[in-house]
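1. heads up, no residue letters with this:
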């Protein structure tokens, strides 16, 4: 591996959210969309303790939601209830 001089580095064009790099189909895609729609109640607008589980549509929906709407200002602490993943 060779070192690249800092002067040669250029910004990388990154997607603003994970949707362009992740493709879900069928029942999984429908379940994720339902969870994303339900999240419009603001449940994921604060830091939430969620384990990323690729087999859990709610977990995947939370991950996609946070890639689109990251927490910009933390609250008093993490929300951890049975309502969340």
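-> Arrived safely, thanks for sending. Nothing here was measured: the structure is a model prediction, and the numbers come from that model. Residues are numbered from 1 along each chain as shown.
2. which residue is nearest the middle of the chain?
-> In the chain, the residue lying closest to the centroid (CA atoms, centre = their mean) is residue 63, at 2.5 Å.
3. Tell me which helix or strand it sits in.
-> Of the helices and strands defined by DSSP states H and E, residue 63 is found in helix 57-68.
4. Would you mind pulling the contact partners of that helix?
-> 16-19, 22, 24, 28, 31-36, 39, 44, 48, 50-54, 84-85 (CB atoms under 8 Å, 6 or more residues apart in numbering). Every residue, glycine included, has its C-beta placed from N, CA and C.
5. Just the buried residues of the residues you listed.
-> Among the contacts of helix 57-68, those classed as buried by neighbour count (16 or more other CB atoms under 10 Å) are 24, 31, 32, 35, 36, 39, 44, 48, 50, 84, 85.
6. Share the number of residues neighbouring the nearest residue to the fourth one once chain neighbours are set aside, please.
-> When the adjacent residues along the chain are set aside, residue 35 lies closest to residue 61, with 3.4 Å between them (CB to CB, 6 or more residues apart in numbering). Residues within reach of residue 61, counting by other CB atoms under 10 Å, total 23.
7. Over to the one 3 residues further on?
-> Other residues within reach of residue 64 by the criterion other CB under 10 Å amount to 20.
8. cool, and residue 40?
-> Residues near residue 40, counting by other CB under 10 Å: 10.
9. and it, that's in a strand?
-> No: assessed with DSSP: H, G, I helix; E, B strand; the rest coil, residue 40 is helix; it does not lie in a strand.
10. what angle do the helix or strand harbouring residue 33 and helix 57-68 make?
-> Assigned by DSSP H and E, residue 33 belongs to helix 26-38. Using axes from the mean of the first three to the mean of the last three CA atoms, to 10 degrees, the inter-axis angle of helix 26-38 relative to helix 57-68 is 60 degrees.
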